[in-house]
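Asker: pasted the sequence and its predicted model underneath.
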Amino acid sequence: ASGMSEPVTAPHILVTNDDGITSPGILALKDALAAVGRVTVLAPSRNWSASGHVKTMHKPLRVDEVTLPDGALALATDGAPSDSVALAFLGMVERPIDIVVSGINNGANLGHDVTYSGTVTAAMEGAIAGVPAIAVSLTERGHPDLSLAAQFAVRLTREVLARGLPPATLLNVNVPPVSTDELQGILVTRMGLRIYRDELVRRLDPRGRPYYWIGGPEPTGVEEEGTDIWAVAHGYISVTPLQLDLTARCMVEALTDWRLSL
Ligand code: MN
């Protein structure tokens with residue numbers, strides 16, 4: 001040992017989202033995380049909200065270098081959020097990538113939203129690639145102040161880089177639309193129950209053929225204490241640990257007792 005300190009390598013952070021590369025949320029996240037490490041942005045070129053966990057296999061993907069509003073270079077793809085992360089790990093981005101941070105999403109990702117969410121499934125793709133991953137959402141759509149969500153993303157990213165996460169897990173963060181002064185605190189939560197109020201809207205195209213929209217008002221949720229839905233409704237930042245293992249362990253024994261056979 002020479003007694004000289006080892007050179008410190010800054011962590012390499014992959015930032016993506018599902019609202020598209022032009023979203024203010026991804027710019028705020030990139031800017032904030034520059035304080036933590038070297039940030040590479042690879043994100044969809046358009047809005048993919050509620051696209052779920054996509055692996056594009058039946059068409060080619062394009063990746064273009066683009067300039068963000070602050071002059072920084074980023075990569076934009078016509079693939080999905082999860083494709084963005086896969087592309088990065090398959091060689092579009094210099095390795096190693098130490099962590100994936102997805103967001104800041106324009107709107108909540110609470111309860112069963114995580115199964116629809118491009119923001120969360122991009123983080124899931126990071127977990128599949130074997131690195132820690134965080135999804136960050138600001139629960140009020142169009143909320144102009146991204147600073148609290150960005151500040152907490154920095155804090156949590158530092159924490160996760162220092163501590164790591166268990167394999168095949170990720171953190172889903174939801175930030176309420178409050179100021180730092182109004183924030184009640186930070187709660188570790190479980191997934192709550194969303195109440196979707198979807199309505200089918202039937203219309204006719206110019207040739208008289210029907211088409212359908214899934215419309216209806218915003219989802220609500222069951223405000224049960226301990227859940228993500230309760231936390232943000234009461235002014236807390238919610239941090240929910242998620243795992244890719246979706247096995248319903250509570251059913252294994254009962255299902256075994258079915259003694260299934262042909
Ligand atoms: Mn979105």
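Answerer: It's in. All of these numbers come straight from a predicted model, not from anything done at the bench.

Asker: the residue nearest to residue 129 when sequence neighbours are not counted and the ion, how far apart?
Answerer: Distances taken as Cβ to Cβ, 6 or more residues apart in numbering put residue 89 closest to residue 129, at 4.3 Å, once the chain neighbours are dropped. (Glycine included, C-beta is placed from N, CA and C.) Per Cβ to the ion, to the nearest Å, residue 89 is found 21 Å from the ion.

Asker: number of nearby residues for residue 89?
Answerer: Residue 89 has 19 neighbouring residues, counting by other Cβ atoms under 10 Å.

Asker: name the residues of the stretch 51-200 of the chain found near the ion, please.
Answerer: residue 105 (Cβ under 5 Å from the ion).

Asker: which stretch of helix or strand covers the closest residue to the ion within the stretch 51-200 of the chain?
Answerer: Residue of the stretch 51-200 of the chain nearest the ion, by Cβ to the ion: residue 105 (4.5 Å). Element membership of residue 105 [criterion: DSSP states H and E] is strand 99-106.

Asker: check which helices and strands that strand is in contact with.
Answerer: For strand 99-106, the elements it packs on are strand 12-16, helix 24-33, helix 81-87, helix 118-128, strand 133-138, helix 147-163, judged by 3 or more Cβ pairs under 8 Å, 6 or more residues apart in numbering; DSSP states H and E.

Asker: residue 126 contacts residue 86, doesn't it?
Answerer: No. Look at residue 126 against residue 86 with Cβ atoms under 8 Å: they stay out of range, at 9.6 Å.

Asker: between these two, which one's more packed in?
Answerer: Comparing residue 126 with residue 86 by neighbour count (other Cβ under 10 Å), the higher total belongs to residue 126, at 27 against 23.

Asker: ok, back up a step: out of the helices and strands packed on strand 99-106, nearest to residue 200?
Answerer: The closest of the helices and strands packed on strand 99-106 to residue 200 is helix 118-128. By Cβ to Cβ, the value is 22.7 Å.

Asker: can you name the residues that contact the closest residue to the ion within the chain?
Answerer: Proximity of the chain to the ion (Cβ to the ion) peaks at residue 49, 3.3 Å away. Listed by Cβ atoms under 8 Å, 6 or more residues apart in numbering, the contact set of residue 49 reads 18-19, 105-107, 117-119.

Asker: try it again at 6 Å.
Answerer: 18, 118 (Cβ atoms under 6 Å, 6 or more residues apart in numbering).

Asker: where's it relative to residue 238, distance?
Answerer: Per Cβ to Cβ, to the nearest Å, residue 49 is found 19 Å from residue 238.

Asker: can you measure across stretch 163-178, start residue to end residue?
Answerer: 28 Å (Cα to Cα, to the nearest Å).

Asker: give me the residues contacting it.
Answerer: 108, 110, 120, 123, 127, 132-140, 143, 148-149, 228, 232, 235, 237-244.

Asker: ranges for the strands of this protein?
Answerer: 12-16, 38-44, 63-67, 73-77, 99-106, 133-138, 169-175, 185-188, 194-195, 199-204, 210-215, 220-221, 236-243 (DSSP state E).

Asker: got a pLDDT number for the closest residue to residue 133 other than its chain neighbours?
Answerer: Distances taken as Cβ to Cβ, 6+ apart put residue 126 closest to residue 133, at 3.3 Å, once the chain neighbours are dropped. Here the pLDDT value assigned to residue 126 is 98.

Asker: now do the contacts for residue 126.
Answerer: 85, 100, 133.
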